[in-house]
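*Asks:* Got a predicted structure plus its sequence, pasted below:
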Amino acid sequence: MTSRECSYLGRREVLTGKAKFGIFGDGKEVPQLAWAKAFKNGDWRSGYYRDQTFMMAIGKLTIQQFFAGLYAHTDLKADPMSAGRQMGGHFSTHSLNEDNSWKNLVKQKNSSPDISPTAGQMPRLVGLAQASKIYRNQTGLENFTSFTNNGNEVAWGTIGNASTSEGLFWESINAAGVLQIPMVVNVWDDDYGISVHAKYQTTKENISEILKGFQRSEDSNGYEIIKVRGWDYPNLVEAYQKASKIAREEHVPVLIHVNELTQPQGHSTSGSHERYKDKDRLNWEKEYDCNVKMREWIVEKQPCY
Ligand SMILES: Cc1ncc(C[n+]2csc(CCOP(=O)(O)OP(=O)(O)O)c2C)c(N)n1
Ligand SMILES: [Mg+2]
């Protein structure tokens, strides 16, 4: 709810002229809470601009820092992500101390810095996951104890449904399947890429369906592919725990297709989704808003909360 309020307030700040542009994580909050529960110290994220809830949940983004990024505050103490050099919503953690010595990366939660070209996070995600495999299997690296604990670290990626149409996505998915590395890719699927519906850009409008050939089987390795609805908190928690275990212990890549997500305020502050969604879609998004469904679940199914 805190993250959602930041998104609402962020849009107002831009539209009243106090910040230049905003792109927020509204509509993707609930899966990110489930993901944060599975993300351990030493793990890495390589993601994109929808992940503010996750960054808040792992304790790496405060409300004040979120707005400092939006206002492009040029002091690193105010905006630790990039001191206003990057767009707001581009998240990162620090690997170095102020004296340029390395931090102990296995004792903190890590995120590589986001970049604006969509799908650009994917090749880097492969490299981060491959590092764990090398650390586990190659002799002579035993002293790198502030970087790894025997290759137990998972590299977690996020990408939007529309960006899965890009070549970098497919190349990275294939490479991780060949390499058999601890990479978990989350596809945040809200059916749109800005204003363009999935029917115009994804075969069968369904990325996990068309990736089925990558699924591992008894006689061949590959991926574990999981599909889960973005408002279904109990199943999301289960999906992330399962993905974490498979990737961490077996070094098998996992794809989690999180669908039925929404854009409560449209894509960014540069547009109005009322112009590209019909009434039925707008109503469905209100009903299936993940925060609304989460509240229903808490009230109805978990009265002791
Ligand atoms: C390589 C590249 N092409 C185009 C863009 C412009 N752009 C920014 S976001 C976006 C749509 C992304 O949609 P999706 O991947 O579904 O993510 P969502 O915003 O819906 O979460 C586009 C086309 C970009 N940033 N980078
Ligand atoms: Mg999308």
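*Replies:* Alright, I've got the coordinates. Ligands and ions are numbered 1, 2, ... in the order given.
*Asks:* which non-adjacent residue is nearest Arg229?
*Replies:* Counting by CB to CB, 6 or more residues apart in numbering, the nearest residue to Arg229 once its immediate chain neighbours are dropped is Glu260, at 4.5 Å. C-beta coordinates here come from the backbone N, C-alpha and C atoms, glycine included.
*Asks:* Need the CA coordinates for the longest helix along the chain. PDB is fine.
*Replies:* In the chain, taking DSSP state H as the definition, the longest helix is helix 121-137. This file holds the C-alpha atoms of helix 121-137, laid out as PDB (Å, rounded to 0.1, in the frame of the first residue of the first chain):
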ATOM      1  CA  GLN A 121      18.900  -6.300 -18.300                       C
ATOM      2  CA  MET A 122      18.800  -9.800 -19.700                       C
ATOM      3  CA  PRO A 123      22.400 -10.500 -20.900                       C
ATOM      4  CA  ARG A 124      23.700  -9.100 -17.600                       C
ATOM      5  CA  LEU A 125      21.300 -11.400 -15.800                       C
ATOM      6  CA  VAL A 126      22.900 -14.400 -17.500                       C
ATOM      7  CA  GLY A 127      26.300 -13.300 -16.500                       C
ATOM      8  CA  LEU A 128      25.300 -12.800 -12.900                       C
ATOM      9  CA  ALA A 129      23.800 -16.300 -12.800                       C
ATOM     10  CA  GLN A 130      26.800 -17.800 -14.600                       C
ATOM     11  CA  ALA A 131      29.100 -16.400 -11.900                       C
ATOM     12  CA  SER A 132      27.400 -18.700  -9.300                       C
ATOM     13  CA  LYS A 133      28.000 -21.700 -11.400                       C
ATOM     14  CA  ILE A 134      31.700 -20.800 -11.900                       C
ATOM     15  CA  TYR A 135      32.100 -20.200  -8.200                       C
ATOM     16  CA  ARG A 136      30.600 -23.600  -7.300                       C
ATOM     17  CA  ASN A 137      32.400 -25.600  -9.900                       C
END
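*Asks:* other SSEs contacting it?
*Replies:* strand 44-46, strand 155-160, helix 167-179, strand 183-188 (3 or more CB pairs under 8 Å, 6 or more residues apart in numbering; DSSP states H and E).
*Asks:* Okay, buried residues for the longest one please.
*Replies:* Meaning helix 167-179. 168-169, 172-173, 175-177 (16 or more other CB atoms under 10 Å).
*Asks:* What segments of the chain are helices?
*Replies:* With DSSP H, the ranges of helices along the chain come out as 2-15, 29-38, 52-57, 63-70, 121-137, 167-179, 207-210, 233-245, 279-287, 290-301.
*Asks:* Roughly how far does Ala34 sit from Gly177?
*Replies:* Using CB to CB, to the nearest Å, Ala34 is found at 24 Å from Gly177.
*Asks:* centre of the chain versus the longest helix of the chain, how much separation?
*Replies:* Helix 121-137 sits 17 Å away from the centroid of its parent chain (CA atoms, centre = their mean, to the nearest Å).
*Asks:* if I pick Met274, what's in contact with it?
*Replies:* Heads up, residue 274 is Glu, not Met. By CB atoms under 8 Å, 6 or more residues apart in numbering, the contact set of Glu274 is 266, 282.
*Asks:* Can you tell me how far it is from ligand 2?
*Replies:* 17 Å (CB to the ion, to the nearest Å).
*Asks:* confidence score at that residue?
*Replies:* pLDDT recorded at Glu274 is 96.
*Asks:* Then Val299?
*Replies:* So Val299 comes in at 83 (pLDDT).
*Asks:* can you check Phe24 too?
*Replies:* Value listed for Phe24 in the pLDDT field: 98.
*Asks:* let's number from 34 now, not from 1
*Replies:* Yes, from this point I'll number from 34; that puts the last item at Phe57.
*Asks:* burial of the closest residue in space to it that isn't next to it in sequence, as a residue count?
*Replies:* Distances taken as CB to CB, 6+ apart place Ser40 nearest to Phe57, at 3.7 Å, with adjacent residues excluded. Residues near Ser40, counting by other CB atoms under 10 Å, number 23.
*Asks:* Thanks again, I'm all set now.
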